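*Asks:* Here's a sequence, model it:
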Amino acid sequence: MIERRQPFVMDEQKFSTQRIVTYAIIAIFSGVTAWVLWGGTVEQRSIIIQCVIGLMIGAIAFWMGSSKGAADNRDQLNKLLIPPPPPPATPTAQTTIEEKP
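*Replies:* Numbering: from 1, shown residues only. The predicted structure follows:
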């Protein structure tokens with residue numbers, strides 16, 4: 001039987017949907033921000049600027065936190081997968097007993 005459909009790659013489909021939703025959210029937020037900054041009241045402008053600052057702090061915290069989490073995860077996996085080196089051999093004191101004839 002000949003397969004006529006293209007192979008379905010789950011990762012590509014998932015990321016393409018996420019990309020479309022992300023671009024739509026960014027476009028809506030940018031449009032609202034531009035509209036408020038262009039013709040909104042002082043209170044509305046203040047709220048939008050505070051929201052933008054909060055989003056920027058959240059984005060920076062996310063990237064820093066995910067980098068720290070990934071580093072911790074990598075360290076834990078390395079501890080589990082790579083056995084620790086054996087402890088260094090300690091020299092033992094050898095005493096010789098002289099036999100008397």
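*Asks:* for the helix or strand where Gln76 lies, which positions count as buried?
*Replies:* Taking DSSP states H and E as the criterion, Gln76 maps to helix 42-81. Neighbour-count burial for helix 42-81 flags Ile48 (criterion: 16 or more other CB atoms under 10 Å). Backbone N, C-alpha and C define where each C-beta goes, glycine included.
*Asks:* Tell me how far the most centrally placed residue in the chain lies from Ala59.
*Replies:* Central residue of the chain (CA atoms, centre = their mean): Ser66, 3.2 Å from the mean position. Shown here: Ser66 relative to Ala59, a distance of 11 Å by CB to CB, to the nearest Å.
*Asks:* Likewise for Lys79?
*Replies:* 31 Å.
*Asks:* for the protein, what are the low-confidence residue spans?
*Replies:* Across the chain, the ranges flagged by pLDDT under 70 are 1-15, 82-84, 91-101.
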